[in-house]
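> sequence-free structure coming up:
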Ligand code: AMP
C-alpha cells in the first residue's frame, strides 16, 4: 500500500525540480507503482483536490480549520501569527507548527486512509457538523508526520506549490499508461475528474467516444469557456463563419442535471449548489419530462421591478444552505438556458452548437423554460443593433457562438467569444500594501496581475486602491491575510487566488512591469468569487487591446 509519506516526499522533490519534462516523469513513475484505486486518489491529491471533482465543496474545511487543528495538537491555544508570516507559505507554516509537537508521529498513513478520512469529514452534516468536522480533521492530523501535515494542508486549501498543473498531470497519466497524449486529453475533457481519468488510463479503459457515455451517476462536466473579443467587428473577423449572438447575462453559471427523478445543480467551479437554488430544482423537476438531461445556463437575480440585479445580489444566494426560505422571498432568481450538454442520457458535446440549440429550444418549449435571447447575425449592422439592445436592457453584453462549434468542456475552444461594453479585465491579486490615513489597518492597495504565456505565470499590470467600499476593504483584508505567504516592508505577498474584475481608462506601455503594460486609472469593480486564477485575463488580451487603442480604434466597440 502506498504511503502518504511517499506522496509528500514526491511533492517535495517536484517543488525542487525545475525541468518540466522531469516533473512529468517523476509523477508518471510514482503513479506507475500504485494500485488502480491508489492511482485515482494520488492523482486527485496531486491536483490539490480532496474528493472527486464536484464533491470538493462538501468538505467545508477552511485554512483556518487546518491551522486551528495543528495549533491544538501542538498544545498552543493562540496560534502564533508570526509563524505564519515567516513561513514561505501556508503548508510550510503547518509543518513547522506540527514539529513543535515534539514527539513526531511516524509516517503511518496510507494514501487510501487519507481519502477515507476526507470522505468521512465530507459526510458529516447536521447541527454539530462544524465541530464534528474539526474533530475528525484533528484526529487525522494527529496521525500525520509534519511533512504529511504539510501535504494535508496543501490539499485541503488546494494550493500545492509543486509545479504540477492540470496539463502536466494529464501528460504524466498518458506517460504512465503509455497512451498518446491527445487521447488522454480527449478522455479528460469527457471525464472531468482527474482521479477517475488516471484509474481508467491504468485499466486501459479511456472513454473517448462522447456518444458511448451515458452518465450513470450525475457528475458535472467543466463548462465551456469564451475568449474575449473587443467588439462586434472583431467577432466577425475572429470567427469568420456563421454565428449566433446571445445576450450575456450577468449572473452565475449553472449546470443542471436531470437524471431519473433527481435534479442536481453545479456551479461554474463544479461545486454542487442544488440546495441553494430550490426554486430552480422545483422548476426543472416539474417541467422537464425527459430523462438524462444536462443543461447549461445562467441564473440571475431579479429586482422587484423584474429587471436583472447585480451579480453580488445573486452571490448572496450561492453556497447558502441555511435560511434559504427567507432568501427565496427576498432575492428571487430567474433561469436562462443557453446550451444542451446531454440529452436522453447521451452527451451532445460533439454535436454542433446549432444542433444543440435546436434540441434545447424544443425542450424549453415543451417545458416552458426560458432561453437566452438570440439572433443569427446576418450583418455587422444587425449584430451591432442586437448588442446595443442587450446593453440597453441591462445585460452585460453578448456572446458570439459559431454555429458549427462543438462544446469543449473546460476549454476556450475559440467557438465562443464574449463581447462586453464595459472596459474591464479579470485580474489576480498577487500582493497588497497596507494602507495609511483613512485606510490604515487595511490591505488596500492591490497589485494586479494578468496571466502570462507559461502555465501559472502571472505578470503585474498595475496597482489600485480604488473601487472597494470600507466594508469591502475589510473583507478583502481578511481574505488576503488568509492567503499571505510573505511580508516585506508595507507589502504583503499573497497566494494568487483572488480574482477581481478591474475597470480602467486605457492601457500604456510600461518598462516598469515585466508584462510590458500598465493599466491607467484601474478600479476594482467586484470580486469574482466564481473564478480561479486560471480564468483570469491574459497579457495577450491586454496587448491586443493596446494595439487597437494605438490604432485609434475605440476599445469601447467603435463608440
Ligand atoms: P466571463 O465570466 O466574463 O468570462 O464570461 C463568461 C460567462 O458568461 C460564462 O461562464 C457564463 O457564466 C456567462 N454567460 C452569460 N450569458 C451567457 C450565454 N448566453 N452563453 C454563455 N455564457 C454566458
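That came through, no problem. Please read all numbers here as calculations on a predicted model, not as lab measurements. Numbering: from 1, shown residues only.
> Up against the ligand, what does this structure have?
Residues of the chain found near the ligand (Cβ under 6 Å from any ligand atom) are 223, 226, 246-249, 253, 268, 298, 338, 372, 399, 418. All C-beta spots, glycine's among them, are computed from the backbone N, C-alpha and C.
> In helices, which of these fall?
Among the residues of the chain next to the ligand, DSSP state H puts none in helices.
> Show me which of those is closest to residue 358.
residue 338 (13.0 Å; Cβ to Cβ).
> Count the residues that sit near the closest residue to that closest one other than its chain neighbours.
Spatial nearest neighbour of residue 338, chain neighbours left out: residue 372 (4.4 Å); criterion: Cβ to Cβ, 6 or more residues apart in numbering. If you count neighbours by other Cβ atoms under 10 Å, residue 372 ends up with 20.
> Likewise for residue 332?
Residue 332 has 15 nearby residues by other Cβ under 10 Å.
> Next up, the contacts around it.
With contacts defined as Cβ atoms under 8 Å, 6 or more residues apart in numbering, residue 332 is in contact with 279, 301-302.
> Let's have the residues you listed in CSV, adding secondary structure, pLDDT and neighbour count.
As requested, the contacts of residue 332 are arranged in CSV below (DSSP: H, G, I helix; E, B strand; the rest coil; pLDDT from 0 to 100; neighbours: other Cβ atoms under 10 Å):
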residue, secondary structure, pLDDT, neighbour count
279, helix, 91, 15
301, strand, 85, 21
302, strand, 82, 16
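> Specify which member of those is nearest to the ligand.
residue 301 (13.4 Å; Cβ to the nearest ligand atom).
> I'd say the closest one and residue 309 touch.
Yes. If you go by Cβ atoms under 8 Å, residue 301 and residue 309 touch, sitting 4.2 Å apart.
> List the contacts of the closest residue to the ligand within the stretch 101-250 of the chain.
Of all residues in the stretch 101-250 of the chain, residue 246 sits closest to the ligand, at 3.7 Å by Cβ to the nearest ligand atom. Contact analysis of residue 246 by Cβ under 8 Å, 6+ apart lists 338, 372-374, 398-399, 401.
> Likewise for residue 498?
Contacts of residue 498 by Cβ under 8 Å, 6+ apart are 428-429, 476, 479-480, 483, 527.
> Pick the one among those closest to the ligand.
If you rank those by distance to the ligand using Cβ to the nearest ligand atom, residue 527 comes first, at 13.0 Å.
> per-residue confidence at the closest one?
Here, the pLDDT recorded for residue 527 equals 92.
> give me the number of residues near it?
21.
> Looks like it contacts residue 499 (just checking).
Yes. Between residue 527 and residue 499 there is a contact at 7.4 Å, judged by Cβ under 8 Å.
> C-terminal to the worst-scoring helix or strand of the chain on mean pLDDT, what's the next element?
Across the helices and strands of the chain, mean pLDDT, DSSP states H and E gives its lowest value to helix 311-315, namely a mean of 67. Downstream of helix 311-315, the first helix or strand assigned by DSSP states H and E is helix 324-330.
> which secondary structure elements does that next one contact?
In this structure, helix 324-330 packs against helix 278-287, with contacts taken as 3 or more Cβ pairs under 8 Å, 6 or more residues apart in numbering; DSSP states H and E.
> just how off-centre is the helix it packs on within its chain?
26 Å (Cα atoms, centre = their mean, to the nearest Å).
> who does that helix touch, helix- and strand-wise?
So helix 278-287, by 3+ Cβ pairs under 8 Å, 6+ apart, packs with strand 252-259, strand 262-267, helix 324-330, strand 333-343.
> Put together JSON lines for these, with mean pLDDT and mean neighbour count on each row.
Putting those into JSON lines (pLDDT from 0 to 100; neighbours: other Cβ atoms under 10 Å) gives the following:
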{"stretch": "strand 252-259", "mean pLDDT": "93", "mean neighbour count": "22"}
{"stretch": "strand 262-267", "mean pLDDT": "91", "mean neighbour count": "21"}
{"stretch": "helix 324-330", "mean pLDDT": "74", "mean neighbour count": "12"}
{"stretch": "strand 333-343", "mean pLDDT": "94", "mean neighbour count": "22"}
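> and residue 413, which of these is closest to it?
When these are compared by Cβ to Cβ, strand 333-343 sits nearest residue 413, at 12.6 Å.
> on that earlier part again, check contacts around the residue nearest to residue 338.
246-247, 249, 297-298, 336-338, 399.
> Residue 382 too?
Residues in contact with residue 382 (Cβ under 8 Å, 6+ apart) are residue 375.
> Please tell me how far it sits from residue 376.
Distance, residue 382 to residue 376, by Cβ to Cβ, to the nearest Å: 9 Å.
> Same question for residue 492.
From residue 492 to residue 376 the distance is 50 Å (Cβ to Cβ).
> With residue 542 instead?
31 Å.
> neighbour-wise, which of those two wins?
More crowded of residue 542 and residue 376, by other Cβ under 10 Å: residue 542, with 23 against 14.
> can you pull out the strands in the stretch 101-250 of the chain?
225-228, 243-248 (DSSP state E, counting those that start in this stretch).
> shouldn't residue 200 be in contact with residue 184?
No. With contacts defined as Cβ under 8 Å, residue 200 does not count as touching residue 184, sitting 9.5 Å away.
> Those two: who's more crowded?
Between residue 200 and residue 184, counting by other Cβ under 10 Å, residue 184 is the more crowded of the two (25 against 22).
> Nearest spatial neighbour of the more buried one, chain-adjacent residues omitted?
Leaving aside its sequence neighbours, residue 184 sits nearest to residue 174 (Cβ to Cβ, 6+ apart; 4.1 Å).
> Any stretches of this protein with poor pLDDT?
The chain contains residues with pLDDT under 70 at 78-81, 85, 102-105, 210-218, 310-313, 315-321, 422, 550-559.
> thinking again about what came up before, look up how far residue 516 lies from the residue nearest to residue 338.
According to Cβ to Cβ, residue 372 stands 37 Å off from residue 516.
> Quick check: end-to-end length of stretch 68-83?
For stretch 68-83, the first and last residues are 13 Å from each other (Cα to Cα, to the nearest Å).
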